[in-house]
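Trainee: Quick one, structure for this:
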Amino acid sequence: NAFSGKFEHKTIQECRSIYNQVKYQCRQPDRQPINNRTTENQFESRNQGIVIKNPAKFKKIRELMHKNITIARDHTNHRLNCRKYTYQQMDWEAIEYVNMAIEEESEIFVESINTITDAGDILYACQLTIDEYNNKPKEPSKWKKNIKDKIQRLEAEIRSFDEVTPNVAPTQEIKNLCRKYHIHSNNRIMMIERRDKLMERVASYKKKVRISENRIQMRRHNRMFECNRSAYYRSLNGDNVNNRSLELDKNNTLMFWKNIWNGDVDSYPIINDLKSQMPSGIYETELTEAIIKGKFEHIIRYLDNWKAPGRDQVFNFYVKYIRGLHERLGKIIYEAICYPDRIDEECYIGRTYLIPKNNNVLSPDQLRPITCLSSIYKIVSKIVSQLISEHCDLNNIISPNQMGTKQRCQGAKEQMLINKTINYS
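Mentor: Presented below is the predicted three-dimensional model:
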């Protein structure tokens, strides 16, 4: 009666949908949905009752953590590029075990963090651990090769049947085929029927290969959309950066951009003018460690997981989900904002990529530079940007009539509406 009452007003389609949801959850009982946004109870601490379901896996991850922390702190070697993982590919249990290892040995992994560079080293060690544990050798599948061999063999038999001509003695190859399929070598009708069946088998095998290739392409597109969305959109437009011709001299290109970037900031008079025009008696925004930590937790929820990293090779994904370091990271970022002189010089060094603006680049000014900085330093800059915006709003520094370079402003649309109103009037 209770079951009938619960589903009395449900349609058949709604009942089927509920059934499919329950069946999917029963098939994957250990899997927990994890969104891009970090929740407070997503990774519980071990003190709250987490049970290690796989002690051997936890021990292996802890050993890798100790090995990789030594590798990460050695800045003389070039850091390796780690793999990007989709939501389905990521081993969330390994992520949880990494957080548990950090909590258990906080004196090694947490208390040793004093600067942004130290935090990047620990995060890179966690990243290497996940990458090494998931990097297991996988044997390539042979079924596609076997099917293609079958297709070639069947097509050869079809060609042999096509070469049969009436009133001509069959060759030894035709006799062997007829003996294989229990056909008389003089029965032309049975040969035609057998050839048609072979063509159907070839079409069936080709369909299997085509479906497999389409699925592989679909998974590749899904992975590219999740891990590198800009490259996915470029592939849809047929814009392949690798196929562009670059007839440039490296030395001239280096000197061109070096002259642009090596300008002395203090030599620009506009900065001194802005400093002299700052009003006196302005209101100061509240700046405490708790406020900075709150902004840090809010910002990392909306970061792109697999944005191109800087020289530290740390992805935003690990900044998000290695929650054992969040408390220490919030403190380090607060100190970096209050005392900018303590920021390491390495944080200001990035990896610059020159992206061609068109297909035929002939001069360095036709390149578009993109510099990738440290992930943690970019979080610091985002928090500083929010603090500056709050300071400007509090003191009414930015005019309400300004239609650009400020938050909550749709300048282009407002200008279009103003022009439309003027023209109609």
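Trainee: quick one, what contacts Leu154?
Mentor: 198, 201-202, 205 (C-beta atoms under 8 Å, 6 or more residues apart in numbering). From N, CA and C alone the C-beta is placed, and that goes for glycine too.
Trainee: List just the nearest of these to Ala169.
Mentor: Ranked by distance to Ala169 (C-beta to C-beta), those are led by Leu198 at 22.6 Å.
Trainee: now what about stretch 176-185, what contacts it?
Mentor: In contact with stretch 176-185 (C-beta under 8 Å, 6+ apart) are residues 157, 160-161, 170, 174-175, 190-191, 194.
Trainee: Just the ones of those residues in helices?
Mentor: 157, 160-161, 174-175, 190-191, 194 (DSSP state H).
Trainee: Make a markdown table out of those and add neighbour count.
Mentor: Putting the ones in helices among the contacts of stretch 176-185 into a markdown table (neighbours: other C-beta atoms under 10 Å) gives the following:
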| residue | neighbour count |
| --- | --- |
| Glu157 | 19 |
| Ser160 | 17 |
| Phe161 | 19 |
| Ile174 | 17 |
| Lys175 | 14 |
| Met190 | 15 |
| Met191 | 22 |
| Arg194 | 20 |
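Trainee: Go through those and name the one nearest Leu417.
Mentor: Within the ones in helices among the contacts of stretch 176-185, proximity to Leu417 (C-beta to C-beta) peaks at Glu157, which comes in at 72.3 Å.
Trainee: With His391 as the reference, measure out to that closest one.
Mentor: 81 Å (C-beta to C-beta, to the nearest Å).
Trainee: Equivalent analysis for Ala72, please.
Mentor: Ala72 is 36 Å from His391, by C-beta to C-beta.
Trainee: cool, and Asn146?
Mentor: On the measure of C-beta to C-beta, Asn146 and His391 end up 68 Å apart.
Trainee: what element comes up after the helix or strand where Arg220 lies heading to the C-terminus?
Mentor: If you go by DSSP states H and E, Arg220 is part of helix 188-227. Next along the chain after helix 188-227, taking DSSP H and E as the criterion, comes helix 229-236.
Trainee: so what does that next one touch, helix or strand wise?
Mentor: If contacts are counted by 3 or more C-beta pairs under 8 Å, 6 or more residues apart in numbering; DSSP states H and E, helix 229-236 sits against helix 188-227.
Trainee: which parts of the helix it packs on are buried?
Mentor: Buried residues in helix 188-227, defined by neighbour count with 16 or more other C-beta atoms under 10 Å: 191, 194-195, 198, 202, 205, 223-224, 226-227.
Trainee: With stretch 342-357 instead?
Mentor: 343, 346-347, 350, 354, 356.
Trainee: returning to what we had before: for the contacts of stretch 176-185, give me CSV that also has distance to Tyr302 and pLDDT.
Mentor: Output for these, formatted as CSV (distance: C-beta to C-beta, whole Å; pLDDT from 0 to 100):
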residue, distance to Tyr302, pLDDT
Glu157, 60, 89
Ser160, 65, 87
Phe161, 64, 85
Pro170, 74, 81
Ile174, 70, 85
Lys175, 73, 86
Met190, 70, 88
Met191, 68, 86
Arg194, 64, 88
